[in-house]
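[1] I'd like to go over a predicted model; first the sequence, then the structure.
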Amino acid sequence: MTHTTPFGVRLAGTGSALPTRVLTNADFEGMVDTTSEWIVKRTGVHQRQILDESKGECAFELERLAITRAMEAAGIEGSDLDLLIVGSLTSEMRCPSNACRLVEAIGAQPAGAFDLNAACCGFVYSLNVADSLIRSGRHRAIGVIGCDALSPFLDYEERTVSILFGDAAGAVVLVRDDEHPERGCIYQKIESDGRGWENLYMPSRESDVPPNAPHSDVRVGCLRMNGREVYKFAVTKFQQVIEDALEQTGLAVDDVAQFVCHQSNIRIIESAKAKIGLPDEKVYINIDRCGNSSAGSVGLCLDELVRAGRITSGDTVVFVAFGAGLTWASSVWRV
Ligand code: UT7
């Protein structure tokens, strides 16, 4: 899907937030039967940052910090936003949405607000929805947050799932740009295949668990993952999604400044890099420091890249994610 409107969409500012508790691989060695060497080799993670609940840290707070920093960078106030979208599966309450509570926290009322649950694709799905709503002519300024704080939903007595994830939020402010119609999303894809849902899910009740499901030792209410199946899906899909984005836009790897990818597992990213021929400097990695932060990861990478001056005005950027659902998404931007 490509867009042609007489106005563009400007990525006006980015922000991110990480919680303060650092959980190293050495910490895991004291918690479960694992080694730092195994974790690094199989995932690329050296440490992850997780909520310190004794300090009141929570997903909502990470989201508030990330969008506040994005608004500061954009030079706008909450009252300038007319919509706020939070891509997350870990909002504190079923109702109201974190987006609604954030509207109050940043003084954005009466901006529209909703949470969007597309698991690890939360940020890229939300980015695509936001671009489309601005292109529709109905919205001028939208805050988009991708955040997950999965640590309260991990069973730290189980070693395969818990070692992978960290908590984080990334945010962006998008504004209609009447002077630069070429700016914004030039291609987007949001897709899913529910047939694979039971490979990555968080049961609320025992009856949510399919018969003969693996990892039935993981507590109800915690994330369960059939890592090998998700890995097989991800390693193929990740490559396909990038190739599709390049093919549909007619872009070559050389034309793209950065591929901002969900930090799922270093081996999945390295596999796509090798198969497509993506150079190291165009594929940002922070899974070593931050782990896999689900919907938080792409926005977090974007903010770190922008603040390091590695994404600037005029660049072409490809965002890619995949995750539970199963879901996958891409978004190609002229920044
Ligand atoms: O972001 C959402 C999308 N999610 C993903 O993309 C995750 C995709 N999957 C993965 O990243 C990987 O599957 C994991 C990192 C989760 C697991 O790595 P793996 O190489 O697929 O391990 P495995 O589950 O196939 O297990 C291999 C072996 C098993 O032992 P046996 O049966 O061969 O004796 C496991 O019991 O490794 C064992 N194992 C561990 N050993 C030491 C599993 N976890 C650990 C551990 N430490 N933490």
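    Right, received. Where do you want to start?
[2] average pLDDT for the helix or strand containing Glu104?
    Counting by DSSP states H and E, the element that carries Glu104 is helix 98-105. Confidence for helix 98-105, expressed as mean pLDDT, is 98.
[3] what's the angle from the helix or strand that it is followed by to helix 98-105?
    Next along the chain after helix 98-105, taking DSSP H and E as the criterion, comes strand 112-116. Direction vectors for strand 112-116 and helix 98-105, defined by axes from the mean of the first three to the mean of the last three CA atoms, to 10 degrees, enclose an angle of 140 degrees.
[4] follow-up on the earlier one: and the helix holding Glu104, what other elements does it pack with?
    Other helices and strands packing on helix 98-105, by 3 or more CB pairs under 8 Å, 6 or more residues apart in numbering; DSSP states H and E, are helix 59-74, strand 83-87, strand 112-116, strand 141-148. From N, CA and C alone the C-beta is placed, and that goes for glycine too.
[5] which residues touch stretch 226-246?
    Contacts made with stretch 226-246 from outside it, assessed by CB atoms under 8 Å, 6 or more residues apart in numbering, are listed as 160-161, 187, 189, 196, 198-200, 214-215, 251-253, 256, 259, 261, 264-265, 267-269, 271-272, 275-276, 278, 318, 320, 322, 326, 328-330, 332.
[6] so which of the helices and strands packed on helix 98-105 gets nearest the ligand?
    strand 141-148 (9.5 Å; CB to the nearest ligand atom).
[7] measure Gln109 to the ligand for me?
    Distance, Gln109 to the ligand, using CB to the nearest ligand atom, to the nearest Å: 34 Å.
[8] then Lys273?
    Between Lys273 and the ligand the distance, using CB to the nearest ligand atom, works out to 15 Å.
[9] same thing with Ser293?
    For Ser293, the distance to the ligand under the criterion CB to the nearest ligand atom works out to 9 Å.
[10] could you tell me how many residues sit around the residue of the stretch 201-335 of the chain found nearest the ligand?
    Using CB to the nearest ligand atom, the point where the stretch 201-335 of the chain gets nearest to the ligand is Gly227, with a distance of 2.6 Å. Number of residues near Gly227 (other CB atoms under 10 Å) recorded here: 17.
[11] write the PyMOL selection for whichever of the contacts of stretch 226-246 are buried.
    This is the PyMOL syntax for the buried subset of the contacts of stretch 226-246, where burial follows 16 or more other CB atoms under 10 Å:
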select buried, resi 160+161+187+189+196+198+199+200+214+215+251+256+259+261+264+265+268+269+271+272+278+318+320+322+326+328+329+330+332
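[12] give me the subset of the contacts of stretch 226-246 that lies in strands.
    Counting by DSSP state E, the contacts of stretch 226-246 place Tyr187, Lys189, Leu200, Phe259, Cys261, Val318, Val320, Phe322, Trp328, Ala329, Ser330, Val332 in strands.
[13] out of those, who's near the ligand?
    Intersecting the ones in strands among the contacts of stretch 226-246 with the surroundings of the ligand, defined as CB under 6 Å from any ligand atom, gives nothing.
[14] between these, which is closest to Phe123?
    Within the set of the ones in strands among the contacts of stretch 226-246, Ala329 lies nearest Phe123; the separation is 8.9 Å, counting by CB to CB.
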